[in-house]
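Participant: predicted coordinates and the sequence they were generated for:
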Amino acid sequence: MGTSVIVELSQNSKNWADIIEEISRLEKKIFPKHESLARSFHEDLKKKNCGLLYSDVNGEVAGYVMYSWPSSLFASISKLAASVEYSSIAEEKGKPVRVPNSEEEYDLLIETYLNGNVVKENYRRQGHGEALLKAAIQKCRTRNIQRICLYVDPSRNPAMILYQKLGFQVDNLIESYYSSDRNAYRMYLDFGYE
């Protein structure tokens, strides 16, 4: 096994197109067509609130993880909705003012989603998935994310074990998430209250 390096793909990377093509092939090979993100990689990664980390082993993509975080517009709208929902309006000197409903102001839980953690078959059980997840978790921490969410097929035991090892907890079962006969667990990792 060669040395693995976790790399964050950026739009100005010289190998952008090659990496996206390799990841798209991997997506198509592993996931059924209706679950594959291969068609949307280019568009998703052009967004300023989306990132992709990959494990590079001697120039080959061993695996990747894609994540997204709330855009500033989404966060602003959510904050506004939260302030309206969790406060009342009073008048002061004839002008409306917002009054919190409790002594503490409502804190918006900022969460992100991991949209894939995929490792090629010949690189599995070598630590690539764990290294990618840890790197993605660290990236989320630097963006002041408080919760990371992901969806996983309950029958994917190695993935479930890895997620739980890193502190993810099962939130709930979502029936028919992938297809009419395949469910998903929604899992989360909180670190906003440490």
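Facilitator: Nice, thanks for sending it over.

Participant: now the spatially most central residue of the chain. Nearest residue, chain neighbours left out?
Facilitator: Nearest residue to the geometric centre of the chain (CA atoms, centre = their mean): Leu114, 2.1 Å. Leaving aside its chain neighbours, Leu114 sits nearest to Leu150 (4.2 Å; criterion: CB to CB, 6 or more residues apart in numbering). Glycine gets a C-beta too; all of them are placed from N, C-alpha and C.

Participant: for that neighbour, give me its contacts.
Facilitator: Leu150 is in contact with 113-114, 117, 163, 168, 186-188, counting by CB atoms under 8 Å, 6 or more residues apart in numbering.

Participant: run the last query once more with 10 Å
Facilitator: By CB atoms under 10 Å, 6 or more residues apart in numbering, the contact set of Leu150 is 65, 67, 112-117, 133, 136, 159, 163, 168, 171, 184-189.

Participant: same thing with Lys165?
Facilitator: 130, 133.

Participant: quick one: buried residues of the host helix or strand of the residue nearest to the centre of the chain?
Facilitator: Counting by DSSP states H and E, the element that carries Leu114 is strand 111-119. Residues of strand 111-119 classed as buried by neighbour count (16 or more other CB atoms under 10 Å): 111-119.

Participant: just the buried ones among the contacts of Leu150, please.
Facilitator: Buried among these (16+ other CB under 10 Å): 65, 67, 112-117, 133, 136, 159, 163, 168, 184-185, 187-189.

Participant: so, low pLDDT: which residues of this structure?
Facilitator: 1-2, 32-42, 70-111, 192-194 (pLDDT under 70).

Participant: many thanks, I have nothing further to ask.
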